[in-house]
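Asks: Sequence unavailable; structure follows:
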């Protein structure tokens, strides 16, 4: 990185693209650019690569898809890794990947503003203590930058523990507790499974919306792999019908468990809204056995628990929000013209 002509002392010109985010997407872009002889600079707000994986994921997490669908370009997973690598194996892989391609992000650089200067036709990227200038900006922060916690009436009254799944590591702190898990996506399902299977807790999982639950594998093959193969030959609506038929035969009618399916099929819904189907890794059997309780949406949080939309009221020791994340890009990316050079990458599907 060279010095810039700007009189500001904390300012530097970047010869290649500026990449915001040192997660899987940012590392992959940097490696591909380097492979073509193009330098780049990654700015990362945290103190490590893949900070979401290292700092905001639970211990039992594994890749939901087989490793061949999650590997980064130019360097695959080690052959001795299992079909579904663990959290720690995936982190180890990304660290090896960064080392192999000599990727050295600038850590603790939180982008506060990124704007295109139409006069100079350059991007000006401002962090808390430095301004970076480049012809190109690549946003690789993904869709999961900031935890989402819905504003539920009475939440400030609850006397027990409240946390988001980004802070959940294991159920050790919730042993033998009655836990309200708000959200029934992949995180909500897996946290509920972890609580009841390993720590004898009694999770009550809130189903706020319709949800597609699919088996992780069908006939010994990844459901994702089957879907992607079928999409090469037949329309998405027909693929969805096949997936739902097999899911019904293997998992049963999830509507009867309180998990109502959307009218739109899982692949079509993902393409239209970004909402990912739940890949079952064992939670459904615990719901059927009654170890995971499925409850309606919450109307109000009380001092000792929650009131539900159906009028019931229950007491809980803790509340865990499995309500997902959102991108923080709109807060700092300032795009006022269309004649600028920038490229936005979302996080790769895991």
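Replies: Ah, there it is. Remember, predicted model here, so these are calculated numbers, not experimental data.
Asks: Can you list the low-confidence ranges for this structure?
Replies: Scanning the chain for pLDDT under 70 picks out 1-9, 336-350.
Asks: So which residue is smack in the middle of it?
Replies: The residue lying closest to the centre of the chain (C-alpha atoms, centre = their mean) is residue 144, at 4.8 Å.
Asks: what's in contact with the longest helix seen in the chain?
Replies: Longest helix in the chain by number of residues (criterion: DSSP state H): helix 236-251. Here helix 236-251 makes contact (C-beta atoms under 8 Å, 6 or more residues apart in numbering) with 212-215, 218-219, 223, 226-227, 230-231, 254, 261, 265-268, 271, 280, 284. Backbone N, C-alpha and C define where each C-beta goes, glycine included.
Asks: So which of those residues are in strands?
Replies: Among the contacts of helix 236-251, the members found in strands (DSSP state E) are 213-215, 218, 280.
Asks: Nearest to residue 167 among these?
Replies: Distances from residue 167 to those, taken as C-beta to C-beta, are shortest for residue 280 (24.4 Å).
Asks: dump the residue contacts of the closest one.
Replies: 189, 213-216, 251.
Asks: Going by neighbour count, which of those comes out on top?
Replies: residue 189 (28 neighbours; other C-beta atoms under 10 Å).
Asks: what sits against that residue?
Replies: By C-beta under 8 Å, 6+ apart, the residues touching residue 189 are 205, 213, 278, 280-281, 283.
Asks: what does residue 255 give?
Replies: Contacts for residue 255 (C-beta under 8 Å, 6+ apart) come out as residue 261.
Asks: ditto for the one 10 residues further on
Replies: Residues in contact with residue 265 (C-beta under 8 Å, 6+ apart) are 212, 236-237, 239-241, 243-244.
Asks: any idea how far it lies from residue 271?
Replies: 10 Å (C-beta to C-beta, to the nearest Å).
Asks: Residue 258 too?
Replies: Separation of residue 258 from residue 271 (C-beta to C-beta): 26 Å.
Asks: For these two, work out which one has more neighbours and name it.
Replies: More neighbours surround residue 258 than the other of residue 258 and residue 271, with 15 against 12 (other C-beta under 10 Å).
Asks: Run through the bridge partners of the closest residue to the more buried one other than its chain neighbours.
Replies: Distances taken as C-beta to C-beta, 6 or more residues apart in numbering place residue 294 nearest to residue 258, at 3.7 Å, with adjacent residues excluded. In this entry, residue 294 is beta-bridged to residue 205, by DSSP bridges.
Asks: so how far is stretch 313-333 off the chain centroid?
Replies: 12 Å (C-alpha atoms, centre = their mean, to the nearest Å).
Asks: try stretch 317-336
Replies: Computed by C-alpha atoms, centre = their mean, the chain-centroid distance of stretch 317-336 equals 11 Å.
Asks: List the buried residues of that stretch.
Replies: Neighbour counts over stretch 317-336 (16 or more other C-beta atoms under 10 Å) mark 317-325, 327-329, 332-333 as buried.
Asks: can you put these in TSV and add distance to residue 93?
Replies: Listed next are the buried residues of stretch 317-336 as TSV, based on distance: C-beta to C-beta, whole Å:
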residue	distance to residue 93
317	37
318	33
319	34
320	28
321	29
322	26
323	28
324	25
325	22
327	24
328	26
329	26
332	29
333	29
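Asks: Next step: those restricted to helices.
Replies: Using DSSP H, these in helices are 329, 332.
Asks: if you look at the buried residues of stretch 317-336, which of them are in strands?
Replies: 318-321, 325, 333.
Asks: Where does residue 256 sit: helix, strand or coil?
Replies: Look at residue 256: counting by DSSP: H, G, I helix; E, B strand; the rest coil, its state is helix.
Asks: Roughly how far does it sit from residue 230?
Replies: Using C-beta to C-beta, residue 256 is found at 27 Å from residue 230.
Asks: Counting neighbours, go ahead and name the busier of those two.
Replies: Counted by other C-beta under 10 Å, residue 256 and residue 230 do not tie: residue 230 has more neighbours, with 17 against 9.
Asks: where's the more buried one relative to residue 15, distance?
Replies: Distance, residue 230 to residue 15, using C-beta to C-beta: 45 Å.
Asks: Only the buried residues of stretch 165-175, if you could.
Replies: By neighbour count with 16+ other C-beta under 10 Å, stretch 165-175 contains the buried residues 165-166, 168, 171, 174.
Asks: What of stretch 101-116?
Replies: Across stretch 101-116, burial judged by 16+ other C-beta under 10 Å covers 101, 103, 105, 109, 111, 114-116.
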